[in-house]
Structure formats: structure tokens, C-alpha cells
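K.L.:
A predicted structure for the sequence below; I have some questions about it.
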Number of protein chains: 2
Amino acid sequence: MSDVQKTISGGATWQEVAADRRRHRDASIAKVLPNVALPHRVPHISIDELTITNTEVVGLVASLASGVWSATTVTMAFLRRAGLAQREMTNCITELLPDRALKRAAELDRYWAKHKKPIGPLHGVPISVKEHVAMEGLDLNAGFVSWVGRVADKHALLLQILWNAGAVFYVRTTQPQTLMHLETSSNLYGVTTNPFNPSLTAGGSSGGEGALVGLRGSILGIGTDIGGSIRSPAANNGVFGFKPTSGRLPVLGCSVAVEEPEIIKGTIGPLSTSLSGIRLFMKTAIAGQPWVDSPDLVAMEWKKTFGLFAKKKLKVAVMWNDGVVIPHPPITTALRQIAVELQKSDSVEVVDWEPLEHDRAWSIIAGLYFPDGGSQTSKAISDSGEPWMPLSKWILEENPHVKKHSSTSLGSARAERDAYQRAYAERWKQDADVDVILCPAGPSVAPKLDAARYWGYTAQWNLLDYPAVAFPVNAHVGDGTPEPQVTHTPKNDEDRYNWSQWQQHGAKGYEGAPISLQLVGRRYDDEKLLAALEVILTEAGLPTAVLPSVVPQSFLG
Amino acid sequence: MSDVQKTISGGATWQEVAADRRRHRDASIAKVLPNVALPHRVPHISIDELTITNTEVVGLVASLASGVWSATTVTMAFLRRAGLAQREMTNCITELLPDRALKRAAELDRYWAKHKKPIGPLHGVPISVKEHVAMEGLDLNAGFVSWVGRVADKHALLLQILWNAGAVFYVRTTQPQTLMHLETSSNLYGVTTNPFNPSLTAGGSSGGEGALVGLRGSILGIGTDIGGSIRSPAANNGVFGFKPTSGRLPVLGCSVAVEEPEIIKGTIGPLSTSLSGIRLFMKTAIAGQPWVDSPDLVAMEWKKTFGLFAKKKLKVAVMWNDGVVIPHPPITTALRQIAVELQKSDSVEVVDWEPLEHDRAWSIIAGLYFPDGGSQTSKAISDSGEPWMPLSKWILEENPHVKKHSSTSLGSARAERDAYQRAYAERWKQDADVDVILCPAGPSVAPKLDAARYWGYTAQWNLLDYPAVAFPVNAHVGDGTPEPQVTHTPKNDEDRYNWSQWQQHGAKGYEGAPISLQLVGRRYDDEKLLAALEVILTEAGLPTAVLPSVVPQSFLG
């Protein structure tokens, strides 16, 4: 941008800052997509570009490594498809990066021309990145108007590692005000909607990633997750999203409002259209030995899992609900269908999982998200005069568990967390042979906008720091048999609210929404968890990648 | 004990409680040692018992596993030698456990008689344990008079694992009031002195372990370390003491006064008369998968290191001093001698290590030991009316870094810690080939009583959470050539105090004190660190175990 950036510190109003950011975003897109209405049926994107963006990560890597596609061709295809995902559909990006991405792609193409081999395991793979993950020389506002104008002086560590492996960063994606919604709306960029049904949320806080990957404007992206922020958008958009055990991938370089003692650790991880994309991402990131530069991490290599379930039957424990909020029928139906298929398999044993006081888990973790009582977050909002979004109020002001901690009360809270973690470990030990827990990824498919209020199905595994992956079951609300009539008498306020949503909107209200589930492993069993998911999908007859045909075609013009 | 235990809550004075604890201790010893003065030269302990207790852990394991020695014979030998270490020398134990240890040994002997094989890798190995590590059914006072009468309802997790591997717990050892001295004195048990020179401290806070292992009343013991509490007593008593990376061994079941957010993590680890004892302990403890029951731990197996330095020269960086406090001449001399020997080796490369703001490191960690400003610790003292020990006052009241933290100030302190850890990682990266840092284990040999005031040489590695091992160099003050005359102009108060000690007491004042050093590895490089120590000792011509002849013979009667 040649014009001067509008900032609060520069004297602009919050409305002027937000408008300026949107202008910047639109201008970045106009560089690769003509900013005019096209005649009906003239595609915005070519068949070749569709082919490229419909390819999975591993196939893309192969085509790039062998020189079938150039990095430039691939990058341009994703730039254009991402631009369309934003402009025509979901409002999921904060800016395209055509200049730097194409420059990088050209470098990689020159490298390939000279050496006839890829520069690394991600040679030329375009990767989308949630905005609050620092990119050198670019704004780092984390969703706060007052922070616009803060510029990152270097890439987040994870990006450095992926860059060294050959990645191309080409788009930055939206996040909500405070980063603490399971939806994505901010005063800067507005509301990110669900590509499959615009009355629904894309999820959050990595909702821009979710929507973009859901539309294959990206096939590999980076989100962050402290209560569900990777898994909620992955589930809502029918893609894979993985929250690793904390300490495996570096969060160094992510911008957040709260400088805190980290009793609950944030994580960073991939979203992808394929399970193999998730695994390649993890393997490559950890091969970069992030612990050398980020000494808070665990120096643990990515473990091989080949043949793991050849020796031993995979034992899957199904948690039908968390004992607090009963999921909407489409979720329970999907869970039942997959369980039935798995029970037929000779390779899998299926048992039930009894949840252990998940309501207590929520009260513990919800009391630790804002150990300063929310003052740093409130200040980041109020510094610009921007209005509070409803879900910011909900998690911070209407959340009864938020408290301002002293060192002593934090010590007690930590002890309570530890005791709960041990109790859960004890529960698992009672059936130690269980490899993974199969459960809902949320109490419903993608909620109506501003209705995502129950974090329990995801935050549970943040409190326990268990690795967890959201995955699609290749189905959408309304594309199968009608949902059975279910009667349910809610037991508590959270359950009542969630159930009222189903009663009010029904299957019709959620039509088109992808149906997803979640698989959870023991702490540090990241590798085993992803290996188990492959077994489960295969044995249940489900694809291990999103079928391209599922992606809506509306932006073909 | 058949008589009723005296406690503060039972209405006793602190003096009565302490006297009762000492009576209990002496009675426990009287069960295995006649409580009478013996005629001169009549040994308290037999030649066989001396032979057994002079054996190293690995040899003991072999003799027990093959049935050469019974567990009962071995246990009785260590019970008696431990009793002597207490009564005749150092005041290092809180109680002997003859009844339960001999019962356990008999069980193991029955197992062996039936199966003709050991029950586990530590079959019959007697292990000594610092008092604040919980033992089922026994007092758990952590050095506070007011806590006498608190009884542990189960073993600490580490003890459970070692028990399953065949260990025999036979003695509990002293610790200082607050657990936060690098010495060991309490109102309950008095002062633990150094077996090599009673005017010197045994170190602390695992000073009971240090003195006991120094006297071979134990050849394998358990201490804890958050600022040097394993390494200080190991160094002061001329034995091996290992502080692992946090998260490798479970601290679950250790009693401490401060319930806190754990910005600085305490660790637990072994002291031993041999390096092989340390390694067997670590391997066995981690093979027990402590992370299953203590989910705060890292699920990381004990890594094999065989042949590690066959492929690559071991690169040792020598840190001559920490840039804050200059060690006394015996330490610097020992460091120079070992460096000279290593420089002659074809297997080792030696470079210098430039310390990075170790004074800042101390200010960070010292501000985080008592995040509640010390209120919980103060209360544990005042609840009984027991007097404050001088070093309790020193670390808590005279320590200028102690502050009462809010959540926000803790967040800032954590950020400062993280930044320092990253800066240190960056420093190491500049010479990434360096495997280990060789440095002093303290600013002097065992200090005079109440003079251990500088923690920098050990607490540094707690702040960085690097694994570190103290080891003896097979030398004692006064047994070699006279120390060179050194002039030194102190740069700061800490340096001035330390140097004044040397000026005041000289080599004569520290006569007999073992000389030890420290080896430090990168975070999670625990296995590599211990492998490197073996190479270093071998290449420097030093023994990898304490020579039994070094142990004073005074308790032969």
C-alpha cells in the first residue's frame, strides 16, 4: 500500500481503521482477480487452477517436486481461489499476499530449474496463516483495532521452519475480537460465515482458516487453539484440524492480549483438506527441531507409527456425549453410524467412554483463560473505542468463572487442574488398553451466528492437554435420511440453550452444514492419534481426505 | 512407636515436638545398632557389611540378582551403616526403617528363592529417601515442626515405581526448614554436618542424602532440587547428584509449603556413589512410565546413547566462572586440571563458555521461588512458634527479589523467564556443536555452616531447566599441592562475601572437603549429559565412582 496506514495511535477513529484494513484487503485481492462483476457462467478461475486446488497436499508436493507444476502456477491458483473464497462467499481473509508469495514461488522455481530437485519437503506448497501468527513486515493486530499498525519484525518460529521446508505464505486469515470466540467476527473485518450455509458460523477462533480450507482456497493452513479454536472451525467447515499436545509445536511469535503465567497453554496446529496433509505438516514442523529456538518446547522427534496397529487391535472408546450438553441429532447419528461400522471391523475394538465431570473441567479452564480478570483484553478493546462483540462479552463478562487471580489463587487453581488431570489419567488407566476416544467435536454442527456458546467438547482436551483432531464424516445436514425425532429434557442451562437451538432451527436451519467428529489421544500420543484416525476412517469406509466435489461451485462465475 | 506422637495440633510445644522426633529417630536406630558406647577398635559394623556397602549399585544389583547376597543381608548392612552415619557423624537421618525394610527384604528373598530370578532391575537395592518425599503411613513434615503428625496416605509416585522395580526403602533423611537452604538445619533435627569436616555444611536441601551417601550409609538416594538441592549436597560430600530436566521424573507426592503456579519447576533425582548408579536409577524410573499417573510429565522414554560419541567428538565448553562470583581456588584448580587432561584427549574438544548475564538469571528465579511473597512458608513456620533459622531469613526476608505476585506480574515474570531462556538458547546455538558445559557446582567446596549464600552456580540451570550433574574429581582440599596464592578484587556483594570466606578460612579451614564440579546439558539431553560425563571422567583419568577408601573410617569403632 502506498497510502499511509490508518491507526488509532495515528489519530484515526476505529471506524476509519477498520475501513482502511478492508480497503487494504480488497486491494490485495484485486491484484489477482479482476475486481468487476463477470458475466454469468464465465469462470473466475480456470480448470487448471481448479485441478491444482482440488489436489491434496501430498499429491501437490509430488507434482511440485517432480516439476509437473511450477510453484508459481500453484501459488497463483491458490491466490485466486482464496480471493474468491473471500470475495464471493465467506469473508475469511485479512489480506492476500500476491507480491511476496509470487516472489517466493519464483525463487523456488529458479531453485528447481537449477537443481532439478525440491528445496525441502514442502517445496512450493502454499500455506494459509491465521493473522495473529507473526509475518515479517506485516501488521499483527490479533483482531484488535487498537493494535493495527503493530508490525512484526520477524516470522513466527513455525513459519520460519515451514519456510525453510519450502512453503509459500500467500494469505492471512480472520480471527475474532479477543481470539476467544468459537466464531469469527471482529470490528476490523466483519463476520466470517460458513461456506455451506451463510446463516451459520465458520467457527473460530481460526474461522478464517476453517472457511478458507473448507472452500479449498487453501489445502493447508495454520490455526491456534486454547479451547477449540482449530477444531471448531475445522469441524464446522468439514475439514481436518489438529490440536497437538502443547510443547510439540512453537507458539513463539503469536500475538495475544494476555501476558499470563500459562497455566493453560495455547497450541498451534494445522487445518487441511486431508489427513495426510496434517501428518506431513506435523512431521515437517517437528523435523525443524523447534525446541532449539523455543526452549519451552519438548525435544521430542516425530515418532514413527508404521505397523503400530498391525501388532495390536485399535481400541476405540466412544464418548456419546460429555454428560453436560447433549449433541444435536446429526452429531449423535454420525457417531452411531461410525461406531456401527467400526464394530464390524476385525481391526478395531469399540467400547464406551464414560465422561468424568466435564462440567468441572470447564469451570477450571474457564477460570484460567483470563487470570488477570480480563483487564489486558478489555484494554486492548477499549484503547480504540471499538464496540464489544457479543461473544467477547459472553466469554469475558458473562462467564461466571472469570476471576482476577493472585499468585496464591493461581497456585490453588493449578493444583485443582493437576488433580483433575490425574483423575482423568486414572480413569483412562482403568481401561489402559484404550488407544483413542471418539467423540463429538462440538454440541452441534456449525452453530447459527453468535450462538456458539458451549466450548466443553473441545476445551476439555485443552485442559487435559490431550492431542485432538476434528475430522469430517463425509456428510452434511440434509443430504442423508431425515433426522429421527428425538425428545430430550435438558438438565442444565448450557444443555437447554443448545437444545433450544435445535428445536428452533431443526435440520432445515442447519442445511448443508458438514458433519464432523473428534478423535482424542493421550498426552504426547500425537503420532498414534493420527495413525488411529487413518485406521478408523478406512475401517468405517470414510475418505481420509475431503472430496473436492463437496466444495460448492458458486465461484465458478 | 507405641507412644503417642507429639504434635502442635495435639497441644505440644515446638520443643516437645522436636525432642519427640529425635527420640523416635534414635529408637529406630537402636533397633539395628546397640545403643551403647563400644570399646575402642571394636567395630560397629562387620567386614562383610563394609564390603556390601562399599559395592557400587550395579555390582550390588548383580550380586542380589544372582543370589550371592540376600536382600536381607544387604538391607541390614545399609541399615547399620546408615545408623552409624547418623549417630557417630553427621546427623543426617530422620528415621531408620528397620521393620518395614527387613520385611520387604524378606519378601524379596522369598521371591528369589521361589523364582530364582530378581523381581525387577533394582531387586533388593536399598534406597535412601529425603523426608519430604511421601512414604505411606509415615510422617511428612517437610522440615516444619507444625507439620509433624501429617501422615502420607501413599508412597510418592517415584517410590511406587522404584518399589515395583524391587527397591527397599530403609532410611529417611534430613532437610532444612523451608527446604530452601543450600544447607540442612531445622529445629526438628538440628544441623546436618559434613562428614569430611564437621565445621562445614553437608549442603542442602537434600543435605541428609548428601552426607549419608558421602559416608556410604547409602549408595543410591533420592533428593529434590529447585535451586541446587541435589547438586549442592552431592558436590559438598563428593558424590554424584543429578537434577534431570523437569517433566522426566515425577515430583508427585513431595510435600512443599508453597502451592504455586509453578513458573519454576521443582525436580527430583538421584544421588549415588557412582555414575552407573545414577544412570540405572534414571533408566529404571523412566521405564516405569511415570507420565501415565502424573500427566504433567513428558512421555519420553530413556534414550539410548550407546556409541553417541563414537560418531562425533565430544565438545565440552568450560565455564570458568559465572561472571558474578569467582569460585575459591580449589574449584578453579580442579577445573583447570580436568580441562588440561581433556585437551590431551583425541575424543574431546574443549572450548570456553562465556556466561550470559547469570546475575539476571538469579534475579529472575529468586523472584519466583515465593510467588506469594512467602506467606505460606511463613505460616508453616509460625504455626508452631519454632524460631526462624538464619538461612530461612536470608532466602525469604533478606532476599531483595522476593515479591508477592499478582497474576499480571507473574505473567510478566514468565515472559522475562522465557526471554532469558531464549537468549541462552541463542547463545548455545552460536556454538551449536557444544554438547555440554563443564563448570563449578558452587562458588566453593562445602561452605562453613550458615555461609552457603550463593546459589548462582546451581539455580542458573533450574531457571533454564537444563539437566545438570554434580560429580567428584577424586580430590579433597589439603590432600594435593598447596593452593596457589590468588589475589582477587571482588566486583559485587555476593563475590565479596564468597571471597571473604576464603580469605578468612583458607585451605586449612576447608580441609578434607571433597572437590566437585558440575556438567550441564541442553534441555531434555539428560541421557547425552550422563554419557558425556562418562567420557569426560574416563578421558581425564578420573574414576566414575567414589573410591571407598575415601570414606572416613571413624565409625569402625
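P.N.:
Nice, I can see it. Numbers count the residues shown, from 1 in each chain, chains lettered A, B, ... in the order given.
K.L.:
use CA for all of it now, contacts and neighbours both
P.N.:
Will do.
K.L.:
shouldn't A:Ala156 be in contact with A:Met135?
P.N.:
Yes. When contacts are counted by CA atoms under 8 Å, A:Ala156 is listed as touching A:Met135 (6.5 Å).
K.L.:
okay, those two: which has more neighbours?
P.N.:
Using other CA atoms under 10 Å in any protein chain shown as the criterion, A:Ala156 and A:Met135 rank with A:Met135 on top: 23 against 20.
K.L.:
Tell me the secondary structure at that one.
P.N.:
Three-state call for A:Met135 (DSSP: H, G, I helix; E, B strand; the rest coil): coil.
K.L.:
so what's it closest to, chain neighbours aside?
P.N.:
A:His155 (4.4 Å; CA to CA, 6 or more residues apart in numbering or on different chains).
K.L.:
how about the one you found, what does it touch?
P.N.:
Contact analysis of A:His155 by CA atoms under 8 Å, 6 or more residues apart in numbering or on different chains lists A:133-136, A:253.
K.L.:
Please see if stretch A:361-372 touches chain B.
P.N.:
Yes. Stretch A:361-372 lies within reach of chain B by CA under 8 Å from any CA of the partner chain, at A:371-372.
K.L.:
backbone phi and psi for the residue nearest to A:Met135, please?
P.N.:
A:His155 has phi and psi values of phi -60, psi 150 when expressed as degrees, to the nearest 10.
K.L.:
And it, how close does it get to A:Pro176?
P.N.:
For A:His155, the distance to A:Pro176 equals 21 Å [CA to CA, to the nearest Å].
K.L.:
now A:Ala101
P.N.:
For A:Ala101 relative to A:Pro176 (CA to CA), the value is 25 Å.
K.L.:
for A:Phe309, same thing?
P.N.:
According to CA to CA, A:Phe309 stands 40 Å off from A:Pro176.
K.L.:
how far is the least confident helix or strand in chain A by mean pLDDT from where the chain is centred?
P.N.:
In chain A, the helix or strand scored least confidently by mean pLDDT, DSSP states H and E is helix A:308-311, which has a mean of 87. In this view, helix A:308-311 has its centroid 30 Å away from the chain centroid, taken as CA atoms, centre = their mean, to the nearest Å.
K.L.:
Show me which residues of it are buried.
P.N.:
For helix A:308-311, the neighbour count (16 or more other CA atoms under 10 Å in any protein chain shown) marks A:Phe309 as buried.
K.L.:
go on, stretch A:428-436?
P.N.:
Buried-residue list, stretch A:428-436, by 16+ other CA under 10 Å: A:428, A:434-436.
K.L.:
cool, stretch A:228-244 as well?
P.N.:
A:228-244.
K.L.:
name the helices or strands packed onto the strand or helix carrying A:Ala317?
P.N.:
Counting by DSSP states H and E, the element that carries A:Ala317 is strand A:314-318. In terms of contacts (3 or more CA pairs under 8 Å, 6 or more residues apart in numbering or on different chains; DSSP states H and E), strand A:314-318 is packed against strand A:348-352, strand A:436-440.
K.L.:
Just the C-alpha atoms of that strand, please, in CSV.
P.N.:
Taking Å, rounded to 0.1, in the frame of the first residue of the first chain, the C-alpha atoms of strand A:314-318 are listed here in CSV:
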residue,chain,number,x,y,z
LEU,A,314,-7.0,-50.5,17.7
LYS,A,315,-9.3,-49.9,20.8
VAL,A,316,-11.7,-47.0,20.3
ALA,A,317,-13.7,-45.7,23.2
VAL,A,318,-16.8,-43.8,22.1
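K.L.:
Could you list the residues in contact with the least confident helix or strand of chain A?
P.N.:
A:347, A:528, A:532.
K.L.:
just the helices in the stretch 151-300 of chain A please.
P.N.:
Ranges of helices within the stretch 151-300 of chain A are A:157-164, A:207-214, A:231-236, A:275-287, based on DSSP state H, counting those that start in this stretch.
K.L.:
So for B:Val68, which of these sits nearest?
P.N.:
helix A:275-287 (48.7 Å; CA to CA).
K.L.:
Only the buried residues of the closest one, if you could.
P.N.:
A:275-279, A:281-286.
K.L.:
Make CSV from these and add pLDDT and distance to chain B to it.
P.N.:
Below are the buried residues of helix A:275-287 laid out as CSV (pLDDT from 0 to 100; distance: CA to the nearest CA, whole Å):
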residue, pLDDT, distance to chain B
A:Leu275, 98, 24
A:Ser276, 98, 24
A:Gly277, 98, 25
A:Ile278, 98, 22
A:Arg279, 98, 20
A:Phe281, 98, 21
A:Met282, 98, 18
A:Lys283, 98, 17
A:Thr284, 98, 20
A:Ala285, 98, 19
A:Ile286, 98, 15
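K.L.:
can you redo those residues as JSON lines with distance to A:Ala12?
P.N.:
Below are the buried residues of helix A:275-287 laid out as JSON lines (distance: CA to CA, whole Å):
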{"residue": "A:Leu275", "distance to A:Ala12": "45"}
{"residue": "A:Ser276", "distance to A:Ala12": "46"}
{"residue": "A:Gly277", "distance to A:Ala12": "42"}
{"residue": "A:Ile278", "distance to A:Ala12": "41"}
{"residue": "A:Arg279", "distance to A:Ala12": "44"}
{"residue": "A:Phe281", "distance to A:Ala12": "40"}
{"residue": "A:Met282", "distance to A:Ala12": "41"}
{"residue": "A:Lys283", "distance to A:Ala12": "44"}
{"residue": "A:Thr284", "distance to A:Ala12": "42"}
{"residue": "A:Ala285", "distance to A:Ala12": "40"}
{"residue": "A:Ile286", "distance to A:Ala12": "42"}
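K.L.:
Most remote residue from the middle of chain A, which is it?
P.N.:
Centroid-distance maximum for chain A: A:Lys114 at 36.8 Å, with CA atoms, centre = their mean.
K.L.:
okay, how far is it across stretch A:130-142, tip to tip?
P.N.:
9 Å.
K.L.:
hmm, back to that, any idea which of the helices and strands packed on strand A:314-318 gets closest to chain B?
P.N.:
strand A:436-440 (14.6 Å; CA to the nearest CA).
K.L.:
Report the angle between whatever helix or strand comes next after the closest one and strand A:436-440.
P.N.:
The helix or strand immediately downstream of strand A:436-440 is helix A:456-464, counting by DSSP H and E. Put simply, helix A:456-464 runs at 140 degrees to strand A:436-440, going by axes from the mean of the first three to the mean of the last three CA atoms, to 10 degrees.
K.L.:
For stretch A:74-88, buried residues please.
P.N.:
A:74-87.
K.L.:
Around chain B, pick out the residues from chain A.
P.N.:
A:259-263, A:292-296, A:298-300, A:371-372, A:404-408, A:410-412, A:414-415, A:418, A:421-422, A:425-426, A:429, A:523-524.
K.L.:
burial count for the closest residue to chain B within the stretch 401-550 of chain A?
P.N.:
Of all residues in the stretch 401-550 of chain A, the one sitting closest to chain B is A:Gly411 (3.7 Å; CA to the nearest CA). When counting by other CA under 10 Å, one arrives at 20 neighbours for A:Gly411.
K.L.:
Give me the nearest residue to it, chain neighbours excluded.
P.N.:
A:Gly411's closest residue in space is B:Glu260 (CA to CA, 6+ apart), at 3.7 Å.
K.L.:
Find the nearest non-adjacent residue to A:Glu386, please.
P.N.:
A:Trp14 (5.7 Å).
K.L.:
same question but for A:Ser232, I mixed them up
P.N.:
A:Gly203 (5.4 Å).
K.L.:
from memory the one you found sits against A:Leu182, does it?
P.N.:
Yes. Using CA under 8 Å, A:Gly203 makes contact with A:Leu182 at a distance of 5.2 Å.
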